[in-house]
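Student: Kindly return the folded structure for what I paste below:
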Amino acid sequence: MELKWSGYGRVNWTATLATLTGVLLLCGCDKPQGPADGPRPASEVVVMTVATQRVALTTELPGRTSSYLVSEIRPQVSGLIQRRLFTEGADVKVGDVLYQIDPAPFQAAYDSALANLDAAKKAAERARAALGAGIANVARQQATVALAKTDFQRAEDLLKDKAVSTSERDHAATGLDVAEATLRAAEAEVESDRAGIAAAEAAISQSQAAVESARINLGYTKIVAPISGRIGRSNVTDGAIVTAYQPLALATIQQLDPIYVDVTQSTADLARLRTRIEKGHLQEGGTDQNNVKLLMDGGTMYSLDGTLGFRDVTVDPTTGSVILRIVAPNPEGILLPGMFIRAVVEEGIVDQAILIPQQAVTHDPKGNPVAMVVNADSKAEPRPLAVERAIGDQWLVTSGLAVGDRVMVEGLQKARPGSQVRALPLEEKKDTASPGNTPQPAPESN
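Tutor: Numbers count the residues shown, from 1 in each chain. The predicted model follows:
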């Protein structure tokens, strides 16, 4: 069946459309006004009040550990290694015997030197005895000469009185000459005996030196530890032939407690610190400044603090840095030579330091740090800053803020420069966020 629109139906449909259009227009007129049509409400931000505090400035410097003492063991005499008397990798003490060199040839040399010394001493005794006999002989010859002189003088006097003949006087003169010649020979023999004694004493000294040298060499057949520490692997085995002071070390001992930590610091940093101290921006930290904390590879804090020993006076021309040597206790042997370490060295103390959280600092289009503060009119105000370094999760501010300034730490994205804000102190927000102050939800009604 075909349906046809009657005139009456067309009139009723048109009226219905007009009615719906009017209703929609009325609903549009009753739409509530948006925020752009009235004053914008103040944004809520969290602020902290700037205050100064005493801060110790530190810097992390890279470095490596090195042994406190290192001793390369080398033989001082040549010979055959009979035995190795230590365990590789063990701790040894001063005086422990490490190697035994065959002592037989050195013992023979020592015995020979002792025999030579004994012979030299006996020769010296014979020379002294001969000297004594010679001195006695000289005394006798001096008496003989004195008697011959008396006989000669008597013969001279008797010859004047014609009591003796000339031949008798000449005989007395001959006796005097013989006595004087014998005296001179005895005196020469005494001088020879004295020279013999001097030579014997020199031989004794040489023999004593030879004995001492042989004794020392015999002692060197026992190679002992010169320091206490941990010994590494042995480069020779039993039966090896070694030579005195050879280039290859038999083994190496390293003292690991305490241990050195050598770190590098640039000369530019040293100059900057010196300038800040001279201007009074930084104060020396006293004896505590010598205490150094150590960070092991991976960021683990070493349990014991080290002590700053010295700064080297020589600058490395390739890196422009100097060496800082730190002495660290190592009773458990945790630190080993060659390990990478970061040393936290205290530079000094800032008495009136200003620290603000890092999230409170943004950057302008030029990259300069900026903080938003709430001024006396409760409006947001950008404040250019000068920051020196990060300390934990805070920035150390050197200029741009003053004590009492209220710095925004939360809600920065809500505040525009010059806009009205409602500041909530950071302390109150922490109290509100604490578990004891968290509001409990109301029970649901049935």
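Student: which residues sit in contact with residue 373?
Tutor: 47, 380, 381, 383, 401, 405, 406, 407, 408 (C-beta atoms under 8 Å, 6 or more residues apart in numbering). The way it works is simple: take the backbone N, C-alpha and C, and place the C-beta from them, glycine included.
Student: Quick check: nearest residue in space to the last one, chain neighbours excluded?
Tutor: Spatial nearest neighbour of residue 408, excluding adjacent residues (C-beta to C-beta, 6 or more residues apart in numbering): residue 372 at 4.4 Å.
Student: May I see the buried residues of stretch 79-95?
Tutor: 79, 81, 84, 86, 91, 92 (16 or more other C-beta atoms under 10 Å).
Student: And the second one, how close does it get to residue 236?
Tutor: Spelled out, that is residue 81. Computed as C-beta to C-beta, to the nearest Å, the residue 81 to residue 236 distance reads 6 Å.
Student: Could you tell me which residues touch both of those two?
Tutor: Shared contacts of residue 81 and residue 236 (C-beta under 8 Å, 6+ apart): 99, 242.
Student: Off-centre distance for stretch 70-79?
Tutor: Distance, stretch centre to chain centre, for stretch 70-79: 26 Å (C-alpha atoms, centre = their mean, to the nearest Å).
Student: wait, I meant stretch 380-393
Tutor: The answer for stretch 380-393 is 37 Å, by C-alpha atoms, centre = their mean.
Student: Same check on stretch 94-105?
Tutor: Relative to its parent chain, stretch 94-105 has a centroid offset of 33 Å by C-alpha atoms, centre = their mean.
Student: how far away is the nearest residue to residue 90 once chain neighbours are set aside from residue 112?
Tutor: Leaving aside its sequence neighbours, residue 90 sits nearest to residue 231 (C-beta to C-beta, 6+ apart; 6.3 Å). Taken as C-beta to C-beta, the spacing of residue 231 relative to residue 112 amounts to 35 Å.
Student: what does residue 258 give?
Tutor: From residue 258 across to residue 112, the span is 47 Å (C-beta to C-beta).
Student: And for residue 228?
Tutor: In this view, residue 228 and residue 112 are 37 Å apart by C-beta to C-beta.
Student: Compare neighbour counts for the two and give me the winner.
Tutor: Neighbours were counted for residue 228 and for residue 112 using other C-beta atoms under 10 Å; residue 228 has more, 16 against 13.
Student: Now that one: closest residue in space that isn't a chain neighbour?
Tutor: Leaving aside its chain neighbours, residue 228 sits nearest to residue 93 (4.8 Å; criterion: C-beta to C-beta, 6+ apart).
Student: on contacts alone, who are the packing partners of the helix ranked longest in the chain?
Tutor: For the chain, the helix reaching the highest residue count under DSSP state H is reported as helix 104-160. In terms of contacts (3 or more C-beta pairs under 8 Å, 6 or more residues apart in numbering; DSSP states H and E), helix 104-160 is packed against helix 166-220.
Student: low-confidence ranges in the stretch 1-150 of the chain?
Tutor: Within the stretch 1-150 of the chain, the stretches with pLDDT under 70 are 1-40.
Student: how about the helices in the protein?
Tutor: Using DSSP H, helices in the chain cover 7-29, 104-160, 166-220, 267-278, 426-433.
Student: mind listing what's buried in stretch 134-143?
Tutor: 134, 137, 138, 141.
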